[in-house]
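Peer 1: just coords:
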């Protein structure tokens, strides 16, 4: 599961393994192809109900590591 966070000021998408972060979350297969497809379709802002681009580097690092 991924969730949105604004810790550094800019909204970012982070992996929420324990599903404990506040706010909306979205499911993502742990596959690089699914992540690229979600980024290309701009699915994260729509699913998390946030405007503008979101930083997905933390999710990409997690998916590539697994």
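Peer 2: In hand now; what should we look at? Worth saying up front: this structure is predicted, and the values here are computed from it rather than measured.
Peer 1: all contacts plus neighbour counts: C-alpha atoms, from now on.
Peer 2: Noted.
Peer 1: Okay, helices next: where are they in the protein?
Peer 2: 32-40, 43-48, 57-65 (DSSP state H).
Peer 1: now those in TSV, with mean pLDDT?
Peer 2: Output for the helices of the chain, formatted as TSV (pLDDT from 0 to 100):
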stretch	mean pLDDT
helix 32-40	96
helix 43-48	95
helix 57-65	96
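Peer 1: Now render those helices as TSV, adding mean neighbour count and distance to residue 1.
Peer 2: Formatted as TSV, these follow (neighbours: other C-alpha atoms under 10 Å; distance: least, C-alpha to C-alpha, whole Å):
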stretch	mean neighbour count	distance to residue 1
helix 32-40	14	12
helix 43-48	17	12
helix 57-65	14	10
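Peer 1: of those helices, which approaches residue 13 most closely?
Peer 2: Closest approach to residue 13 among those is made by helix 57-65 (6.7 Å; C-alpha to C-alpha).
Peer 1: what's in contact with that closest one?
Peer 2: 2, 13-15, 30-32, 35 (C-alpha atoms under 8 Å, 6 or more residues apart in numbering).
Peer 1: Same check on stretch 11-30?
Peer 2: Stretch 11-30 has contacts (C-alpha under 8 Å, 6+ apart) with 1-6, 34-35, 44, 47-49, 54-59, 62-63, 66.
Peer 1: ok, for the residue nearest the centre of the chain, nearest residue in space, not its chain neighbours?
Peer 2: The centroid of the chain falls nearest to residue 13 when counting by C-alpha atoms, centre = their mean (3.4 Å). Nearest non-adjacent residue to residue 13, counting by C-alpha to C-alpha, 6 or more residues apart in numbering: residue 4, 4.6 Å away.
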